[in-house]
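>>> Sharing a model that was predicted from the sequence below.
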Amino acid sequence: MQAQSGSGDDFDYIINSDDTNTITITNYTGPGGAVAIPTNINNLLVTGIGANAFQYCTNLTSVTIPDSVTSIGDDAFDCCYNLTNITIPDSVTSIGISAFGGCVDLTSVTIPGTVTNIGDWAFQSCSSLSNATIANGSGPTSIGDYAFNDCTNLTSVTIGKGVTSIGQQAFYDCFILSSVTIPGTVTNIGDGAFQRCFSMSNATIANGSGPTSIGDYVFNDCTNLISVMIGNGVTIIGQEEFYDCPRLSRVYFTGNAPTRFLGPFIASHATVCYLPGTTGWSYVFWGWPSGPPVLWNPLIQTGDGSFGVQTNQFGFTITNGSTTNIPIVVEACTNLASPVWTPLQTVTLTNGSFYFSDPQWSNYPARFYGLGFP
């Protein structure tokens, strides 16, 4: 049976087949400018914005969506070149494929935590978009493939705790995104998700319950990436994660070594750093080119009366069986988000342990240590 249709208040619509009192907007016929979509048209409740409803409405400058709407269809606002502002209410649960693709004047967007699906290419080529927030939600929420691809002015992204999946090349070619923190709720990061984010200097994948899979080439060609923190839920790492990241110096793991590794990282200047008490770290971490993993926050031993925190001395124990008689450098920094590592002492590790004294440790609110190579 063909859906019933109607029009009113500058909108064409169809009556939803499952409820004769609700409608989905199919076409906008008004003059543009600042548009507030009404909650009711002809005494019918507006619950959806259909596919292509506002596509190529080049006179549209802003849109307010009422809190009766639950879905925004595919291409709904595609190529609305002059759209600068969009208000998405908490009632919306789905944003369709390329819903706001090519909205080149859109500057910021806040996606409520109620949204569980952000479609492929949803904000692709929104070249003026500088801020995007995906609010905390109960999830699971999926960010589709290429969702923010080619948003070349994107500087800030907040990914809420309800997000569980980030699609492939979701933030590809976001040239000035400077740092990213991925919540521990995310269990899948697609291939090339942050590829070619040239200005990114730091990336954090937060601790989570996992298992979390990181796809291939996720940070490939991030030429200014300096450090990466990988949370304890990560179990699978794809190939060539950090290919062509010439400034990358440290990759920190907070949990055990991933149980599945699909290929080399390809980051010749970087060192893998792991926490004490974690397992699975071999002398050469699956072909990591710059040497064995090192302890980045060594255990402080206070049980021995000859040394301890009170005398500014620390005992380092390396559980790696292949670390005997290896010369290493003890380094320190005060901020892991933007680390500047200072060499403190070169020592030769004997039988997996040594003592180290840092008379400056009490002068800092936080002091982090790493072991590198001369």
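Received the coordinates, thanks. Numbers count the residues shown, from 1 in each chain.

>>> what's across from residue 370 in the sheet?
Beta-bridge pairing for residue 370 (DSSP bridges): residue 331.

>>> What are the structural domain limits within the chain?
What automatic domain parsing lists as the domains of the chain is 1-163, 178-296, 309-372.

>>> Go through those domains and name the closest to residue 169.
Residue 169 lies closest to domain 178-296 among these, at 4.4 Å (Cβ to Cβ). (Glycine included, C-beta is placed from N, CA and C.)

>>> Looking at that closest one now, give me its mean pLDDT.
Across domain 178-296, pLDDT averages out at 82.

>>> Give me the distance between residue 254 and residue 157.
22 Å (Cβ to Cβ, to the nearest Å).

>>> One more: residue 202?
13 Å.

>>> okay, and the common contacts of the two?
residue 180 (Cβ atoms under 8 Å, 6 or more residues apart in numbering).

>>> out of those two, which sits in the more crowded spot?
Between residue 202 and residue 157, counted using other Cβ atoms under 10 Å, the more crowded position is residue 157 (21 against 18).

>>> in what helix or strand does that one lie?
Assessed by DSSP states H and E, residue 157 sits inside strand 156-159.

>>> what lines up beside that strand in the sheet?
strand 131-134 (parallel).

>>> Can you name the residues in contact with the partner strand?
107-111, 113, 115, 118, 123, 141, 143, 148, 151, 154-160, 162-163.

>>> Pull out the buried members of these.
108-109, 111, 113, 115, 118, 123, 141, 143, 148, 151, 154-155, 157, 159-160, 162-163 (16 or more other Cβ atoms under 10 Å).

>>> coming back round to it: report the mean per-residue pLDDT for the very next helix or strand once past the strand holding residue 157.
Using DSSP H and E, the next helix or strand after strand 156-159 towards the C-terminus is strand 163-166. Per-residue pLDDT over strand 163-166 has a mean of 95.

>>> got a list of contacts for strand 163-166?
For strand 163-166, using Cβ under 8 Å, 6+ apart, the contacting residues are 134, 139-143, 159, 182-183, 185-190, 193.

>>> who touches the residue nearest to residue 209 when sequence neighbours are not counted in this structure?
Leaving out its chain neighbours, the residue that sits closest to residue 209 by Cβ to Cβ, 6 or more residues apart in numbering is residue 233, at 5.8 Å. Applying Cβ under 8 Å, 6+ apart to residue 233 gives the contacts 184, 187, 207, 208, 209, 210, 211, 212, 255.

>>> Can you tell me which of these are buried?
Using 16+ other Cβ under 10 Å, the buried ones in the contacts of residue 233 are 184, 187, 207, 208, 210, 212, 255.

>>> didn't the fourth one look like it was pressed against residue 186?
Yes: between residue 208 and residue 186 there is a contact at 7.1 Å, judged by Cβ atoms under 8 Å.

>>> Nearest to residue 20 among the buried ones among the contacts of residue 233?
Nearest to residue 20 among the buried ones among the contacts of residue 233, with distances taken as Cβ to Cβ, is residue 187, at 40.3 Å.

>>> I'd assumed residue 210 was in contact with the closest one.
Yes: contact criterion Cβ under 8 Å: residue 187 and residue 210 qualify, at 6.9 Å.

>>> about what we covered before: filter the contacts of strand 163-166 down to the buried ones.
134, 139, 141-143, 159, 182-183, 185-190, 193.

>>> among the residues you listed, which two are most distant?
Maximum distance among those (Cβ to Cβ): 17.7 Å, for 139 and 193.

>>> returning to that earlier point: out of the contacts of strand 163-166, what pair is the most spread apart?
139 and 193 (17.7 Å).

>>> buried sites along stretch 51-62?
So stretch 51-62, judged by 16+ other Cβ under 10 Å, has buried residues 51, 52, 53, 54, 55, 57, 60, 62.

>>> residues in contact with the second one?
Right, the one you point to is residue 52. Residue 52 neighbours (Cβ under 8 Å, 6+ apart): 26, 27, 73, 74, 75, 76, 78.

>>> What sits closest to residue 226 if chain neighbours are left out?
Closest to residue 226 by Cβ to Cβ, 6+ apart is residue 201, at 4.9 Å.

>>> same thing with residue 151?
Looking at residue 151 with Cβ to Cβ, 6+ apart, the closest residue is residue 129, at 4.8 Å.

>>> what's the burial count for the one you found?
Counted with other Cβ under 10 Å, residue 129 comes out at 24.

>>> so it is in which element?
Under DSSP H and E, no helix or strand contains residue 129.

>>> Quick one: residues contacting it.
Contacts of residue 129 by Cβ under 8 Å, 6+ apart are 106, 107, 108, 109, 123, 148, 151, 153, 154.

>>> wait, which of those residues is closest to residue 280?
Nearest to residue 280 among these, with distances taken as Cβ to Cβ, is residue 148, at 33.8 Å.

>>> Surely the closest one forms part of a helix?
No: looking at residue 148 with DSSP: H, G, I helix; E, B strand; the rest coil, it is coil, so not inside a helix.

>>> In contact with it, which residues?
Contacts of residue 148 (Cβ under 8 Å, 6+ apart): 122, 123, 124, 126, 129, 132, 154, 157, 170, 171, 174.

>>> what does the model give it for pLDDT?
97.

>>> any idea how far it is from residue 359?
The separation that residue 148 has from residue 359, given Cβ to Cβ, amounts to 48 Å.
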